[in-house]
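J.: Fold the stuff below for me.
(one chain, ligands or ions: 1)
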Amino acid sequence: MDRKKNCVSIAIDGPSASGKSTVAKLLASKLNYLYVDTGAMYRAYTLAVIKAGLDPKNEEASNSLIGKIEISFNENNKITLNGEDVSKEIRDNDVANNVSYIASYKNIRLFLVSLQQKIADNKNIVMDGRDIGTYVLKDAEVKIFLNADVEERARRRFIENKENGFETSYEACLENIKKRDYIDSHRDFCPLRQAEDAILLDSTKLSIDEVVEKMEEIIRSKGF
Ligand code: CDP
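T.: Residues are numbered from 1 along each chain as shown. A predicted model of the protein is given here:
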């Protein structure tokens, strides 16, 4: 099947709180492309496991929801779980603390990756995550790996949580990010890593607008 026809895929990967979602969303709106936040899908699955009273650390129990729950995006591009907008709930500490276990289970990844590939089919798309350039959209025209120092990422997450009304300390953010970085990059199936053909962008000292500009430069340099 010719998945792409004349469509352009932009894959943005990187560790937690590197700013992927914020810049990917802005970039997609500038380009008039569809934006897909794959992290939100892993978070929604995690929320479903917690709501069902299952233990996210138990792979077999967590797998039992595969095919039984519906994870999607509504007309406002908000993540939905069984039709309900859960975009706020998925940012909860409980979800953040458990999502990397869920994301390490191969069968759950296969379930969500197939949804992601269906969403991307035949569309101009900006998709962000951990394995987009290495697995989900391996043939993406543009691949960017966005990174930043871990302390800066923790600082950003702390501010973001505060703005969203989630009470956390800077230390707790730092710990959560370090733990997720470790689990995400050490899992067997589709670990977090830079694709060989991805361009590395370090956002530690850059503003959001500067990161978006750099990304636009990269996209232009690829002829799009
Ligand atoms: O917002 P933040 O950068 O903290 O994370 P996220 O993008 O919302 O993703 C949450 C978690 O989902 C990550 O820590 C990964 O464990 C997992 N994830 C993944 O494994 N693969 C993806 N393509 C996207 C997210």
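
J.: Does anything pack onto the host helix or strand of T46? Which helices or strands?
T.: Using DSSP states H and E, T46 sits within helix 38-51. If contacts are counted by 3 or more C-beta pairs under 8 Å, 6 or more residues apart in numbering; DSSP states H and E, helix 38-51 sits against strand 71-73, strand 79-81, helix 93-102, helix 106-120, strand 125-129. Any C-beta I mention is one placed from the backbone N, CA and C, and that applies to glycine too.

J.: 6 Å - rerun?
T.: strand 79-81, helix 93-102 (3 or more C-beta pairs under 6 Å, 6 or more residues apart in numbering; DSSP states H and E).

J.: which parts of the last one are buried?
T.: Using 16 or more other C-beta atoms under 10 Å as the burial criterion, the residues of helix 93-102 that qualify are 95-102.

J.: now do stretch 73-84
T.: 73, 79-81.

J.: what's the answer for stretch 63-74, then?
T.: Quick answer for stretch 63-74 (16+ other C-beta under 10 Å): 63, 65, 69, 71, 73.

J.: ok, of the residues you listed, which one's closest to the ligand?
T.: The ligand has its nearest neighbour among those in I71, at 12.5 Å by C-beta to the nearest ligand atom.

J.: dump the residue contacts of that closest one.
T.: Contact partners of I71, counting by C-beta atoms under 6 Å, 6 or more residues apart in numbering, are 41, 44.

J.: So in terms of bridging, what pairs with L201?
T.: L146 (DSSP bridges).

J.: isn't it right up against A148?
T.: No - the pair L201 / A148 is not scored as a contact, 9.3 Å apart, by C-beta atoms under 6 Å.

J.: My read is that V126 contacts V23, right?
T.: No - the pair V126 / V23 is not scored as a contact, 9.3 Å apart, by C-beta under 6 Å.

J.: how about the biggest helix by length in the chain, does it get close to the ligand?
T.: Scanning the chain for the longest helix, with DSSP state H as the assignment, gives helix 170-186. Yes - applying C-beta under 6 Å from any ligand atom, one finds helix 170-186 touching the ligand at 180, 184.

J.: Only alpha carbons, please: show that helix as PDB.
T.: This file holds the C-alpha atoms of helix 170-186, laid out as PDB (Å, rounded to 0.1, in the frame of the first residue of the first chain):
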ATOM      1  CA  TYR A 170      10.600  20.900  41.300                       C
ATOM      2  CA  GLU A 171      12.400  17.900  42.900                       C
ATOM      3  CA  ALA A 172       9.400  15.600  42.200                       C
ATOM      4  CA  CYS A 173       9.300  16.700  38.600                       C
ATOM      5  CA  LEU A 174      13.100  16.100  38.200                       C
ATOM      6  CA  GLU A 175      12.700  12.700  39.800                       C
ATOM      7  CA  ASN A 176       9.800  11.700  37.600                       C
ATOM      8  CA  ILE A 177      11.500  12.900  34.400                       C
ATOM      9  CA  LYS A 178      14.700  11.000  35.200                       C
ATOM     10  CA  LYS A 179      12.800   7.900  36.000                       C
ATOM     11  CA  ARG A 180      10.800   8.000  32.800                       C
ATOM     12  CA  ASP A 181      13.900   8.900  30.700                       C
ATOM     13  CA  TYR A 182      15.500   5.700  32.100                       C
ATOM     14  CA  ILE A 183      12.600   3.400  31.600                       C
ATOM     15  CA  ASP A 184      11.800   4.900  28.100                       C
ATOM     16  CA  SER A 185      15.400   4.500  26.800                       C
ATOM     17  CA  HIS A 186      16.000   1.000  28.400                       C
END
